[in-house]
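The sequence and its predicted three-dimensional model are supplied below.
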Amino acid sequence: MRTPQSVRPRVRSATLILRAALACGTLFLVPICSAQETRQQQDLDNRVRQFLGRSRYRWRDMNVSESDGRVLYDLVVQNNYTRALEIGTSTGHSAIWIAWALSKTGGKLVTIEISERRHNQALENFAEAGLSEFIDARLADAHDLVPRLEGPFDFIFVDADKDWYARYFQLLLPKLEVGGCFTAHNVSGRRIWGIREFLEALENTPNLETEIVRSSRAGISVSCKKSPS
Ligand SMILES: C[S@@+](CC[C@H](N)C(=O)[O-])C[C@H]1O[C@@H](n2cnc3c(N)ncnc32)[C@H](O)[C@@H]1O
């Protein structure tokens, strides 16, 4: 239906007002929103820092060191990873570093633990650090759950049963996005059962580029997927 001549100017001025309002939204509302988001992120950062400070000497369940936690944090933030998986939550130290990084990239972590006591303690720690919304913590045997996970993931951290590292790698490589990385803890212990087989599997995979983080005493391997196969 055509608009009658007499109504057209009013329609045009309404359109102009709407356009101006939209422009104001762009000019004023967005900065207000991002200022709010920045404040929320700052509050979260303070909460996580305070939690990590309080619990610095309380990690007793085979947890990663603080400096290894920072390595994981940096990897996620610098590469803007958003779909993370961890095998071996324990009481949650590494998960807290990964999830803190994901709070900045807008991502989420799935983390798996077989021990109910450690899983429950991890849940308490995640809540205390203010990071629960970034973590999907599963109480499960990773041997059963990993084959059923859909993926894709762009960041994987394995820190559980070493004799299964090569198997986890084989199961998860097809679920790792190109550009994503598969990381594993304690790879300096070549004499630990399973580590040598795992490192050989990394070496024999053509579409991977692997580095060992030397600043880590335990050794963290970081293998980035360069192409689909
Ligand atoms: C070295 S600790 C993980 C430390 C943790 N990443 C941290 O920094 O806090 C290894 C954990 O893997 C868990 N684990 C071992 N085998 C597992 C399996 N098959 N499925 C799930 N978790 C497993 C152990 O119970 C243990 O809590």
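Looks like it arrived, so ask away.

Would you tell me which residues of this protein are close to the ligand?
61-64, 88, 90-94, 112-115, 118, 141-143, 159-161 (CB under 6 Å from any ligand atom). Quick note: C-beta positions are derived from backbone N, CA and C, even for glycine.

Go ahead and build a PyMOL selection from the buried members of those.
To isolate the buried ones among these in PyMOL, judged by 16 or more other CB atoms under 10 Å, type:
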select buried, resi 61+63+64+88+90+91+92+93+94+112+113+114+118+142+143+159+160+161
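
Only the C-alpha atoms, please, for stretch 208-225, written as CSV.
C-alpha atoms of stretch 208-225 as CSV (Å, rounded to 0.1, in the frame of the first residue of the first chain):
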residue,chain,number,x,y,z
LEU,A,208,51.1,-30.8,14.8
GLU,A,209,53.8,-28.3,16.0
THR,A,210,55.0,-29.1,19.5
GLU,A,211,57.0,-27.1,22.0
ILE,A,212,57.9,-28.0,25.5
VAL,A,213,57.6,-25.1,28.0
ARG,A,214,61.0,-25.2,29.6
SER,A,215,60.1,-22.6,32.3
SER,A,216,57.9,-25.3,33.8
ARG,A,217,59.8,-27.8,36.1
ALA,A,218,57.2,-30.4,35.5
GLY,A,219,57.2,-29.8,31.8
ILE,A,220,54.2,-28.8,29.7
SER,A,221,53.9,-29.9,26.1
VAL,A,222,52.0,-27.5,23.8
SER,A,223,51.0,-29.0,20.5
CYS,A,224,49.2,-26.8,18.0
LYS,A,225,47.1,-28.3,15.2
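
Work out the gap between it and the centre of the chain.
The chain centre lies 17 Å from the centre of stretch 208-225; the measure is CA atoms, centre = their mean, to the nearest Å.

What residues of it count as buried?
Here stretch 208-225 shows 208, 210, 213, 216, 219-225 as buried, counting by 16+ other CB under 10 Å.

any idea of the mean pLDDT for stretch 68-87?
The average pLDDT for stretch 68-87 rounds to 98.

just the helices in the protein please.
8-24, 30-55, 66-79, 93-105, 116-129, 142-145, 165-172, 195-203 (DSSP state H).

Check the ones you listed for me and report the most buried one.
Ranked by mean neighbour count, these are led by helix 93-105 with a mean of 25 (mean count of other CB atoms under 10 Å).

So this protein: which segments form each domain?
1-57, 66-225 (automatic domain parsing).

and the ones you listed, which one's lowest on average pLDDT?
Across these, domain 1-57 gives the lowest mean pLDDT, at a mean of 68.

Great, nothing more from me.
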